[in-house]
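A.B. asks: Quick one, what's the 3D model for this:
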Amino acid sequence: MGSCKRSKINRFSRLFQSAVASGTRFAKRSHHAAVVSEYGKIEFREMKDNSPREDEILIDVESVGVNPADMRMINGTYHLKPRLPFVPGFELAGNVKAVGKGVKKWKEGDRVVVLRSNGTGGFSEDCIVDTNVDVIVPLPFSIDYETAAAVSIAYGTSYLALEKMAKDREGANVLVLSSRGMIAFAAIDLAHNLFKAHVIAASDDEQKVDKLRETGVSKTINYKKEKLIDTIHKSTMNHGVDVAIDTVGGSLFTQALDCVRPGGSLFSLGFTSGEIPTINLLDLHRTQVSVSGIWLGAHPKKDMEKVMEMLLDLFDQQFLQARIEAKYSLKDINKCIQDINDNKLFGKMSDDESILGDALCDLTIELDDGIVDNECTPHSPPSSSHLIPSIGAPRRPSDVVIFVDESIVVHSLSSEAKAMVVNQMQLPGYSSMKNSDALGAAMGFGQDELMSQSRQGGIIYSLMTRIAKRPLNDLLKALVTISRVDTLSSLRPYLLQMRNVPPSKPVQNQYFDSIDFTSSASYIPQSTEDLKRVIEERRKFFLLVHYEKDKKERSTFKHFLKNVKAKGEEMEVEIVDVKNTLNGEEHVMRRLQQLYSAAHFVIVCVSESYRELVNRKLRVDQMEDMIANIHDWIMGEHMSTGQQNRRFRIVVMGDCDQSVLPLGWAASFLWYRFPSNWVDFVNRTFLV
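C.D. replies: Residues are numbered from 1 along each chain as shown. Just a heads-up that it's a prediction; the model follows:
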């Protein structure tokens, strides 16, 4: 026996010596995490790896959001108090690393977004998740981890508040109060782009107000300098707002109560001031305002997963865009927290293993080693190549296209006409929040100022002066590109490149060249063959066409369209010979009502040049009304068919030098009135 034992020991000794000699070392499997060992103190530690048990999955965390709730939990002031020591972190995004026994829905390698029910585990390179308790949803490849880590709490909370509003009315006035944090930006994003609301945003200093202005809100207020209640009542003609969303707490909550109309709603979504407000029931009797608080932990897991899947789908389609203000490495978690406490951050942060710093701030914590980028790069499936940054999925095809006849020779336009084209075409670029801050930055001012100048009738030369003087064709390409491009990473380089290229040198741009023109929503066909290819790839639709002058051209166009099949279905073409645009509108409206349910989108052609419009005394406001009526009718159709949350697109196409003024103003008016949908004004040249 003794000989046998010595033999085994000697054998092990030889193996150990051999391993050491060859450079092999024995080590425990471990990962790093930010650990709260005592309230108010957090440490970056090495932790022993754990394996998932039954019904659990192990997540390789790529990014985690930093929220006010995390901050309060770290300080011991949150209503959930985990046993010390603990790893904080409510929301995270990453990949499934391993699955426990009994897990069938998830497999290794799946990209997921997780909302932890107990608010712990996220600030770590690895996180064990309970599939029976935690909210877990799949993450599309089109959405990067940093964005995903910013969605759960900020967008989930804001959606649940605004959803209650949407059941009552659409186009409501919404007041968003913030001092810092992602929830305010999420509420604005959702209110604009999903619930079609008019948003007033308020914060406590000019720098923050500037950031809110970039989101495309109707009005901004610095409530430290202005009296909030007086300003709101003045802006709403003493009616008050329909909905107020308070993320600050304290005395501001009480002020918000007096900003809401009788029968309106006030939602408390957080207390970034650190002061939890109280309310007097007599004030509720006096104001007749409904007051609610939103806490995601009170909602069933299945309901929250449905909300999360819906929100991620909206991000996937680029209806929404999270604002990430700062990113920190997980090992720099204490710096992240200090910056939040010092009020240096306003949006959301992320931790890499990425910390997204605050829904209190928009921040991300990057969890991978290496350089932390300032901008997110969308993650692609492992098999795909992404040498050129993605510009995002194209928007959906138009539902309504309004043509104004009269072609032009683009090179013959004067510099003033070019300026009008810039003025009228870039405005709709703001109709989606997604690129408003980038375009505003490129032009040197924010949306409020832009809208103010354009509504006063001034011609905006800013974009032209910041970009080199280009031929109109290049300018149109740039502006059309802006209308397609949604991500900041692809918009900024294009503007900068155009600005820096001498006029004599043609613009070469990888982003522009990489666009799939056959599927882009605002594509302008350059020939009948182009038009035919686009039509064949889309569903059946109808055209209402008015050509009064050139019967030969009308006949040619009608013959062409009659012979085009849209996915095997005959296209119906209707020629509308009307003597007057306003009378024509009545016919268009009747036909729209008859055709809309069967059509994917309708094209309305109105043949009137600017000079003819003036001769007929058709004012700009009448053109605005014509397009607005079509918009309102579609909105009514959506409401009656249960599609009130469906987005659609109106494109106004026309003669740049003659009809640019009436239709350009009409488009900008509609953009201002209906910020949730797209209204574009583009040149029409392909029918001649």
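A.B. asks: What are the boundaries of the helices in the stretch 151-300 of the chain?
C.D. replies: Residue ranges of the helices in the stretch 151-300 of the chain, as given by DSSP state H, counting those that start in this stretch, are 152-168, 182-193, 206-213, 228-235, 251-257, 281-287.
A.B. asks: which one of these lies closest to residue 220?
C.D. replies: helix 206-213 (4.9 Å; C-beta to C-beta). Any C-beta I mention is one placed from the backbone N, CA and C, and that applies to glycine too.
A.B. asks: end to end, how far does stretch 59-76 reach?
C.D. replies: 26 Å (C-alpha to C-alpha, to the nearest Å).
A.B. asks: buried set for it?
C.D. replies: For stretch 59-76, a neighbour-count test (16 or more other C-beta atoms under 10 Å) marks 59-74 as buried.
A.B. asks: cool, and stretch 281-291?
C.D. replies: Within stretch 281-291, the residues scored as buried using 16+ other C-beta under 10 Å are 287, 289, 291.
A.B. asks: Contact partners for the nearest residue to the second one once chain neighbours are set aside?
C.D. replies: Right, the one you point to is residue 289. Counting by C-beta to C-beta, 6 or more residues apart in numbering, residue 260 is the residue found nearest to residue 289 once chain neighbours are left out, at 4.7 Å. Residue 260 makes contacts with 175, 240-244, 266, 287, 289, as judged by C-beta atoms under 8 Å, 6 or more residues apart in numbering.
A.B. asks: Kindly report the same for residue 33.
C.D. replies: Applying C-beta under 8 Å, 6+ apart to residue 33 gives the contacts 44-45, 47, 87, 123-126, 330.
A.B. asks: Check residue 117 too.
C.D. replies: 130, 133-135, 297, 301.
A.B. asks: same deal with residue 110?
C.D. replies: Applying C-beta under 8 Å, 6+ apart, we find residue 110 in contact with 95-96, 138.
A.B. asks: domain assignment for this protein?
C.D. replies: 28-149+322-376, 153-298, 400-683 (automatic domain parsing).
A.B. asks: can you list the residues that contact stretch 306-313?
C.D. replies: Defining contact as C-beta under 8 Å, 6+ apart, one finds that stretch 306-313 is touched by 113, 115, 135, 137-140, 143, 148, 151-152, 155-156, 159-160, 299, 320.
A.B. asks: Any of these buried? List them.
C.D. replies: Judged by neighbour count, with 16+ other C-beta under 10 Å as the criterion, the buried members of the contacts of stretch 306-313 are 113, 115, 135, 137, 139-140, 143, 148, 151-152, 155-156, 159-160, 320.
A.B. asks: The one helix or strand residue 327 maps to pairs with which strands?
C.D. replies: Per DSSP states H and E: residue 327 is located in strand 326-329. Paired neighbours of strand 326-329 in the sheet (DSSP bridges): strand 348-352 (parallel), strand 362-366 (parallel).
A.B. asks: Can I get that strand as PDB, trimmed to CA atoms?
C.D. replies: Taking Å, rounded to 0.1, in the frame of the first residue of the first chain, the C-alpha atoms of strand 326-329 are listed here in PDB:
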ATOM      1  CA  ALA A 326     -20.600  58.700 -21.300                       C
ATOM      2  CA  LYS A 327     -19.000  55.300 -21.100                       C
ATOM      3  CA  TYR A 328     -16.700  53.900 -18.400                       C
ATOM      4  CA  SER A 329     -14.700  50.800 -17.900                       C
END
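A.B. asks: average pLDDT across it?
C.D. replies: The average pLDDT within strand 326-329 is 84.
A.B. asks: Are there helices or strands packed against the helix or strand that that strand is followed by, and which ones?
C.D. replies: As assigned by DSSP H and E, the chain's next helix or strand after strand 326-329 is helix 333-341. Contacts defined by 3 or more C-beta pairs under 8 Å, 6 or more residues apart in numbering; DSSP states H and E place helix 333-341 against strand 41-48, strand 56-66, helix 68-75, strand 326-329, strand 348-352, strand 354-357, strand 362-366.
A.B. asks: rerun that using 7 Å as the cut-off
C.D. replies: Contacting helix 333-341 under the criterion 3 or more C-beta pairs under 7 Å, 6 or more residues apart in numbering; DSSP states H and E are the following elements: strand 41-48, strand 348-352, strand 354-357.
A.B. asks: between the buried residues of stretch 281-291, which is closest to residue 249?
C.D. replies: Relative to residue 249, the closest of the buried residues of stretch 281-291 is residue 291; by C-beta to C-beta it sits at 12.9 Å.
A.B. asks: Okay, and the beta partners of that closest one?
C.D. replies: Beta-bridge partners, per DSSP bridges, of residue 291: residue 266.
A.B. asks: Residue 63 now?
C.D. replies: Residue 63 has these beta-bridge partners by DSSP bridges: residue 93, residue 354.
A.B. asks: any idea how far residue 48 is from it?
C.D. replies: Residue 63 is 23 Å from residue 48, where distance means C-beta to C-beta, to the nearest Å.
A.B. asks: Then residue 178?
C.D. replies: Where residue 48 is concerned, residue 178 sits at a distance of 41 Å (C-beta to C-beta).
A.B. asks: out of the two, which sits in the busier spot?
C.D. replies: residue 178 (28 against 8; other C-beta atoms under 10 Å).
A.B. asks: list the contacts for the closest residue to that one other than its chain neighbours?
C.D. replies: Of all residues not flanking residue 178 in the chain, residue 184 sits nearest, at 3.2 Å (C-beta to C-beta, 6+ apart). In this structure, residue 184 makes contact with 176, 178, 201, 247, judged by C-beta atoms under 7 Å, 6 or more residues apart in numbering.
A.B. asks: Having no further points to raise, I will conclude here.
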